[in-house]
Every structure is written in C-alpha cells, then in structure tokens.
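Asks: Next come a sequence and a model predicted from it.
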Amino acid sequence: MSVRESNTVEIDARGLDHRVLNERVRAALEKDVPEIVLRNVCGQRYIGAGLTNDAAITIHGVPGNDLACFMTGPRVSVHGNAQDGAGNTMSAGSIAVHGHAGDVLAYSMRGGRVLVRDRAGYRAGIHMKAYGDLSPVVVVGGTVRDYAGEYMAGGTLVVLGIGRSRDEPLAGDFLGTGMHGGDIYLRGSVFDWQLGREVGRVPIDDAAWEWLMALNREFARVFGIADLRFDREEFTHLKPVSHRPYGRIYVH
C-alpha cells in the first residue's frame, strides 16, 4: 500500500486474497482517504461491498463477482471488465465499467447508477426496484443477452447498441419477463417474440426524451465518446402492462 501526496492510496492487489484486499480498502477509508486506486485486480470478489463512504475507487483489472454489492455512496470506476453481479442490491453511488460486464448486472439494485461501456450478459437489470426518492439507472453501451429487465419493479434500463454488427441482436429473448415497474429504452428494434408477455411498447414523451438525452450525454462524457447523437425514432420504449402480472396465481 502506498500514499501519494494528494492523499490517494494505491493498493497492489496482485496475489491478494479478496478478504485481505477488502480489509485494506476499508482500512484506508477509515482514514477518510478521498481516493483509492487498486492495481492488478484479478477476480477478487466483493470490492466495495457495503461501503458508505463518499470516496472514489479506481480499479485497474477485472474485479470478481458482486462488485459494489449493497454499496451506498462511493464512485467506482473499472478500467477493464467486470464479472457477474456488479451493483447487486446497490442503494447509492455509481459504477462505470470501461469494458464488458457479466451476468445479473444490477441485480435488485435500489438506487445509484451503473454505466457499462460495452456489452452485458444475461439478466441485466433483473429485479431492479425503486423506493421513495431512490430510482436506479443502468446504461449498457453495447448489447444485452436473454432475460434483460426480468422482474423489474422500478428504475430504468437503457441499451444503446453501440458498435454492434448488423446481424447482432440488440437484446436476447424474454425481454422484460415478469416486469411490473420501471422503464426499458432500447436504441433499435426488437421482435414481438423477444418480449415477455408483461411488457408493451409505448411512445417516448418530450420529458422522457430530454431526460434520456441528458443521461446519454453523461454516458458519453464518462467514457470519452464524442458525437453521441441519437434520434427519438431510433428508440423502443418498453413499460409493464400490469403492476401485478401474476396476481391470479396467488391467494392474496
């Protein structure tokens, strides 16, 4: 562990067990360090788990499963790919992945923002929810696989399809299955057979479009993308057709 003059702590994660690495991160944050830089990260799990500090954590390498799970507050930037479960049940703060993300991205996320420059795997945005002033946002720059937005109860999932080939699908099958809250915005078209029975297409009104474009400008700024301009007609907007899609199969 080393400390720069700017009070930034650098930790070399090479060969460290995930428990040791996370203990060192927490020890630095207990001293109110404003920024932590982790180098040579290779699969260590739970980085940022449960943290509430107002700090920046920069990761060089590939963090393991459940990055920033249950996190409230910090700003995490990953210069590499992220494995499964990034943003799991996160309540506040942000994650920016300068690469790809694995499966179950933002599982049960309750607030904050997750931005992924490239693709995400299966079940992105599963069971995202909103409560009070908390409303999570996930933006995937590339594509997503099957079951994106599954059981979504709130928040926003945006898929931009940047860099995909002409024959590459924007999203997989069963899109929005079980969805009963929130919004999905897709830059491109999807077939009806790809959609879960619980979602339908709706227009994008002026207020939603203005908010979406502000979000896309933020995405471009974070990842240094120039001239990210879209037309409203490019997007498909999906919303749930019912707030209680499986009500008939329950007694109460």
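Replies: Ah, there it is. Residues are numbered from 1 along each chain as shown.
Asks: Show the residue spans covered by the strands in the stretch 1-150 of the chain.
Replies: 2-3, 8-12, 35-42, 56-62, 72-79, 92-97, 113-116, 137-140 (DSSP state E, counting those that start in this stretch).
Asks: Any stretches of this structure with poor pLDDT?
Replies: Scanning the chain for pLDDT under 70 picks out the ranges 1-6, 244-252.
Asks: most centrally placed residue in it?
Replies: residue 114 (3.2 Å; C-alpha atoms, centre = their mean).
Asks: Pretty sure that one sits against residue 95.
Replies: Yes: checked against C-beta atoms under 8 Å, the pair residue 114 and residue 95 is within contact range at 4.6 Å. To be clear about C-beta, it is placed using only N, CA and C from the backbone, and glycine gets the same treatment.
Asks: Identify the contacts common to the two.
Replies: 86, 87 (C-beta atoms under 8 Å, 6 or more residues apart in numbering).
Asks: Neighbours of the closest residue to residue 54 other than its chain neighbours, how many?
Replies: Excluding its sequence neighbours, the residue lying closest to residue 54 (C-beta to C-beta, 6 or more residues apart in numbering) is residue 73, at 5.4 Å. Around residue 73 there are 16 other residues, counting by other C-beta atoms under 10 Å.
Asks: same thing with the one 5 residues further on?
Replies: Using other C-beta under 10 Å as the criterion, residue 78 is surrounded by 27 other residues.
Asks: One more: residue 169?
Replies: Residues near residue 169, counting by other C-beta under 10 Å, number 15.
Asks: so who does it touch?
Replies: 143, 190, 194.
Asks: longest helix in this protein, by residue count?
Replies: For the chain, the helix that runs over the most residues, judged by DSSP state H, is helix 206-223.
Asks: so residue 170 makes contact with residue 184?
Replies: No: counting by C-beta under 8 Å, residue 170 stays clear of residue 184, with 11.1 Å between them.
Asks: which residues do the two both contact?
Replies: Shared contacts of residue 170 and residue 184, counting by C-beta under 8 Å, 6+ apart, come down to residue 159.
Asks: Tell me which of those two has more neighbours.
Replies: Neighbours per residue, other C-beta under 10 Å: of residue 170 and residue 184, the larger number sits with residue 184, 27 against 21.
Asks: can you pull up the bridge partners for the nearest residue to the more buried one once chain neighbours are set aside?
Replies: Leaving out its chain neighbours, the residue that sits closest to residue 184 by C-beta to C-beta, 6+ apart is residue 238, at 4.1 Å. Assessed by DSSP bridges, residue 238 has beta-bridge partners residue 184, residue 201.
Asks: I'd like the distance between residue 238 and residue 96.
Replies: Taking C-beta to C-beta, to the nearest Å as the measure, residue 238 falls 25 Å from residue 96.
Asks: Just want to know which of these two has more residues nearby.
Replies: Counted by other C-beta under 10 Å, residue 238 and residue 96 do not tie: residue 238 has more neighbours, with 26 against 19.
Asks: The residue nearest to residue 54 touches residue 52, doesn't it?
Replies: Yes: using C-beta under 8 Å, residue 73 is in contact with residue 52, at 5.0 Å.
Asks: Excluding chain neighbours, what is closest to residue 219?
Replies: residue 139 (5.1 Å).
Asks: Can you give me every residue that contacts that neighbour?
Replies: 113, 114, 115, 116, 158, 160, 215, 216, 219.
Asks: Residue 243 too?
Replies: Per C-beta under 8 Å, 6+ apart, neighbours of residue 243: 180, 181.
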